[in-house]
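Visitor: model this:
(2 chains)
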Amino acid sequence: MGETIKDLKRTHLCGEVTIEDNENKVTIMGWVQKRRDHGGVIFADIRDRSGIVQVVFNPDSGKELFDKADSLRSEYVVAITGKVEPRPEGNVNPELPTGEIEIKAEELRVLDAAETPPIQIEDNIDTGEDVRLKYRYLDLRRPKMTKLMGLRHQITKTTRDYLDNNGFWEIETPILTKSSPEGARDYLVPSRVNPGQFFALPQSPQIFKQLLMVSGMEKYFQIARCFRDEDLRANRQPEFTQIDMEMSFVNQEEVMEITEGLMKELFAVGNIEVPAKIKRMSYQEAMDRFGSDKPDLRFAMELKDLSEAVKDSDFNIFSGTVSSGGQVKGINFKGGADSPRSTIDGFEEYVKMFKAKGLAWMALREDELKSPIAKFLSDQEIEDIKEVMDAETGDLLLIVADKASVVASALGNLRLKIARENDLIPEEVYEFVWIVDFPLFEYDENEDRLAALHHPFTAPIDSDIEKLDSDPASVKSKAYDLVLNGEELGGGSIRINNHKLQEKVFSALSISEEEQQEKFGYLLEAFDYGTPPHGGIAFGLDRLMMIVGRTDSIRDVIAFPKTQKATSPLTNAPSVVDKKQLQELGISIRS
RNA sequence: GGAGGUGUAGCGUAGCGGUUUAACGCGCCGGCCUGUCAAGCCGGAGAUCGCGGGUUCAAAUCCCGUCUCCUCCGCCA
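Guide: This next block holds a predicted model:
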């Protein structure tokens, strides 16, 4: 049993005791980071979330106190009262903010003893993530993690302050809501009161925020938890947080403007400067030049179109692809001509993951042109390829021939892989870009129908509305994504605010009238009662945090994240439940 | 659903058929030490080598299966 605080009052945080407090009596409370016993003198580093301060125990302050200090171990929780003194000549520690002083202990209370922790509480540990997650409460004690949690608080606070200053109201929307077709798999929650029926956890508050616009709230935001039952990635968790906003009586420009102001303040928290006016790029240009709708603009290696140069080639794979409506494009890995064959084979394996059938290459070496395809190409064709690709001696040209979507994802991803592996991406460079002029729909091969590229509530641009029937695939939308360094920070759109138009879009998505009524009837009906033009945007707070916090794992910015199998090693969730619980819900498990 | 990687004291690694009684660093425990802050010196405890099966005279080491964690593809309006 530990001692109690009783009348003790914490006067200082560990990291905030300075030479200003010299000669003062202070009381700190925290964890024992480290005890250094020199026989005649004992040092103890005491840590709280603000930092570390050194406490000194001398024999002259009494045997009882000294013996107690001797019994301290790592992670004991203590309260210490003592006098702040400057450290003796030559013993200042410039590494610590509190390194000029130390606290000469007069009283020590052990508030709680501790077992030796399974992971060490310090920044640079190599401990596996499984162990860290199981003992997450210890992992979060590490200063690096503590700082990230503090940073996350700063970001959400800054968001609230900025949006409040701009007239937004924070409004909560339901967590228990209705399952919707379109989109990710829903997490379902059975209803005991309504056996056989289920709520769904929201994939986003999309429809509710639109209803709030119908409700006349005009400017809404929420730091909203969202749930998607899909497989995880380094930057994807099944529950994540969006900064979700919606405004009435605005156009695209106004949403983007208010957003840029928010970004400026949020990134300032991480000492990252956002340009006053973020540049814009059309979806088509992004796909053409970078093979991605979230281009990383920190380095070049752009995709170059070789279709014209090879359309009449004897090399059938190239000319045939062009004549059947596909593309031949390439990227230039500058200085990569001497890459070993195994590396190039690795590139080919990699593009095959993105459905490319192969990877053609030309290595422009000092003495020769090394390429398995050169013999099929005329000298003129080779020259044209080199010219289009701005190639010179020492370069490695990597070429994919396929339909446009495959070429884009194969080369777009290869571009990123090569850049990462060869350190072509500069550190601490932040390239923001708005991607605009998205198509409203994209073709879904699996389902053989059009699917919403953004979501089904996105408005088409005014001049394309008449093409919804005749040529839906060519319709552009009022959608916009904010991209930073190849990461989609957030996306939004101006929404449809009209019953008829919304029905038309649903129909283009092959959502039957019955399904429209059943799934979205309440939204369509709401539109009939006077709906303001509205639009908004949502940001992935966790991904934003990864950038501001300079970490590669989304798990580092979430206090209690899930593993890749969507489980929690800490709580052991998910778990089987009592038969009785299932019975109440009218659910039986098929085994 | 698929591909790849991973698993050896509390933590991180080495060992990759027999000279090993499984080694090293950190941590832990004990002793010495009055100025350390990656303290130092001396001593010590701690591992059925993820799990199951197989091959072999002999398996941490080879083979098969399985599980965990990580990265990626599919999926993520």
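Visitor: Count the residues that sit near residue A:534.
Guide: By other C-beta atoms under 10 Å, the residues close to residue A:534 number 25. Glycine gets a C-beta too; all of them are placed from N, C-alpha and C.
Visitor: do the same with the one 5 residues further on
Guide: Taking other C-beta under 10 Å as the neighbour definition, residue A:539 ends up with a count of 23.
Visitor: partner strands of the helix or strand containing it, parallel or antiparallel?
Guide: In this structure, residue A:539 sits in strand A:534-540 according to DSSP states H and E. Under the criterion DSSP bridges, strand A:534-540 sits next to strand A:239-248 (antiparallel), strand A:487-494 (antiparallel) in its sheet.
Visitor: Relative to residue A:184, which of these is closest?
Guide: Set against residue A:184 and scored by C-beta to C-beta, these come closest in strand A:239-248, at 11.4 Å.
Visitor: I'd like to know the average pLDDT value across that closest one.
Guide: Throughout strand A:239-248, pLDDT has a mean value of 98.
Visitor: Now do the strand holding residue A:539: distance to the chain's middle.
Guide: From the chain centre to the centre of strand A:534-540 is a distance of 16 Å (C-alpha atoms, centre = their mean, to the nearest Å).
Visitor: Count the residues that sit near residue A:231.
Guide: Residue A:231, neighbours per other C-beta under 10 Å, totals 11.
Visitor: do you know how far it is from RNA strand B?
Guide: As judged by C-beta to the nearest atom of the strand, to the nearest Å, residue A:231 and RNA strand B stand 3 Å apart.
Visitor: How far off centre is the helix or strand just after the strand holding residue A:539?
Guide: For strand A:534-540, the succeeding helix or strand toward the C-terminus, using DSSP H and E, is helix A:541-548. Centroid separation for helix A:541-548 versus its chain: 5 Å, with C-alpha atoms, centre = their mean.
Visitor: Mind giving me the packing neighbours of helix A:541-548?
Guide: helix A:143-165, strand A:239-248, helix A:252-269, strand A:487-494 (3 or more C-beta pairs under 8 Å, 6 or more residues apart in numbering; DSSP states H and E).
Visitor: Distance to RNA strand B and mean neighbour count added to the ones you listed, as JSON lines?
Guide: Shown next, in JSON lines, are those (distance: least, C-beta to the nearest atom of the strand, whole Å; neighbours: other C-beta atoms under 10 Å):
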{"stretch": "helix A:143-165", "distance to RNA strand B": "13", "mean neighbour count": "16"}
{"stretch": "strand A:239-248", "distance to RNA strand B": "9", "mean neighbour count": "23"}
{"stretch": "helix A:252-269", "distance to RNA strand B": "16", "mean neighbour count": "18"}
{"stretch": "strand A:487-494", "distance to RNA strand B": "8", "mean neighbour count": "22"}
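Visitor: before we move on, back to that, redo the strands paired with strand A:534-540 as TSV? Include distance to residue A:175.
Guide: Formatted as TSV, the strands paired with strand A:534-540 follow (distance: least, C-beta to C-beta, whole Å):
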stretch	distance to residue A:175
strand A:239-248	10
strand A:487-494	21
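Visitor: Minimum distance to residue A:217: which of the ones you listed has it?
Guide: strand A:239-248 (7.9 Å).
Visitor: Can you pull out the low-pLDDT segments for chain A?
Guide: A:1, A:591 (pLDDT under 70).
Visitor: what residues go with each domain of it?
Guide: Using automatic domain parsing, the domains assigned to chain A come out as A:14-112, A:145-282+A:432-557, A:299-421.
Visitor: Those: which one's closest to residue A:564?
Guide: From the domains of chain A, taking C-beta to C-beta, the stretch that ends up closest is domain A:145-282+A:432-557, at 4.9 Å.
Visitor: distance between the ends of that closest one?
Guide: Counting by C-alpha to C-alpha, to the nearest Å, you get 8 Å between the two ends of domain A:145-282+A:432-557.
Visitor: what's the answer for stretch A:323-337, then?
Guide: 30 Å.
Visitor: and what of stretch A:101-121?
Guide: 23 Å.
Visitor: List the buried residues of it.
Guide: A:101, A:102, A:103, A:104, A:105, A:108, A:109, A:110, A:111, A:119, A:121 (16 or more other C-beta atoms under 10 Å).
Visitor: Please tell me how far the first one sits from RNA strand B.
Guide: According to C-beta to the nearest atom of the strand, residue A:101 and RNA strand B sit 9 Å apart.
Visitor: quick one, phi/psi of the closest residue to residue A:175 other than its chain neighbours?
Guide: Once flanking residues are discounted, residue A:175 sits nearest to residue A:201: 6.1 Å by C-beta to C-beta, 6 or more residues apart in numbering. Here is the backbone geometry of residue A:201 (degrees, to the nearest 10): phi -80, psi 150.
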